[in-house]
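Engineer: Predicted model follows, preceded by the sequence.
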Amino acid sequence: MRTIRRRRLERKTDYKARFGLLKSQYPRLIARRTNRYVVVQIIETNKAQDKIVAGLTSKILLEKGWPKTSIGSLKNKTAAYLTGFLLGKMAQKKDIKEVVFDIGMHRNVHKSRLYAVLKGAIDSGLTIAHNPDVLPSEKDIESNDKYKPIMAKIIKE
């Protein structure tokens, strides 16, 4: 009988998927959703040691003009898109052009917030292999009129 690894039992790591991503030799764009924020990171792996090259949470949007009254909405699709966009711009400043997308143990739900992060990173100029059918539409991302001017302002900067 085989022993199940601790991180798999805790539902933190899918080792088979991780191994497949590591074989690509590209940095990983990791997107995670918490109860309050969206967390995105670009991680390079060297000999089984991960190194965070760039990382952001959607909390950064408060400094970019996100309304303080809407602090509870820092995990919606618009916030996820903008966080992915900002991380993509940060990655390009560090000469990272191509990454692979990693959603970890989150469910693979097409057009979800995690795929909004992917769309933001692609729109910022990163090259990421993906199926265009999984990305949310512009209408889904801009569905709330309250966030349209903020989104335009952040993208223009």
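Structural biologist: Structure's in. What do you need?
Engineer: so is the residue nearest the centre of the chain in a helix, a strand, or just coil?
Structural biologist: Closest to where the C-alpha atoms of the chain average out (CA atoms, centre = their mean) is Ala31, at 3.4 Å. State at Ala31, reduced to three classes by DSSP: H, G, I helix; E, B strand; the rest coil: strand.
Engineer: Now do it against Val117, distance only.
Structural biologist: 4 Å (CB to CB, to the nearest Å). For glycine as for every other residue, the C-beta is placed from the backbone atoms N, C-alpha and C.
Engineer: got any residues that touch both of those two?
Structural biologist: Shared contacts of Ala31 and Val117 (CB atoms under 8 Å, 6 or more residues apart in numbering): 38, 40, 80, 84.
Engineer: what's around the second one, how many residues?
Structural biologist: What that stands for is Val40. Residue neighbour count, defined by other CB atoms under 10 Å, stands at 28 for Val40.
Engineer: For this structure, which segments count as helices?
Structural biologist: Under the criterion DSSP state H, helices of the chain are mapped to 6-9, 15-23, 77-93, 113-123, 138-141, 148-156.
Engineer: Quick check, Gly55 in contact with Val39.
Structural biologist: Yes: if you go by CB atoms under 8 Å, Gly55 and Val39 touch, sitting 7.5 Å apart.
Engineer: can you list the weak-confidence ranges in this structure?
Structural biologist: Along the chain, the model assigns pLDDT under 70 to no residue.
Engineer: Mind doing that once more with 80?
Structural biologist: Within the chain, the ranges that satisfy pLDDT under 80 run 1-3, 11, 13, 15-18, 48.
Engineer: Who has more neighbours out of Gly55 and Val39?
Structural biologist: Using other CB under 10 Å as the criterion, Gly55 and Val39 rank with Val39 on top: 17 against 13.
Engineer: unless I'm mixing things up, that one is touching Ile60, no?
Structural biologist: No: assessed by CB under 8 Å, Val39 is found out of contact with Ile60, at 10.8 Å.
Engineer: is the residue nearest to the centre of the chain in a bridge, and if so with what?
Structural biologist: For Ala31, the beta-bridge partners under DSSP bridges are Val40.
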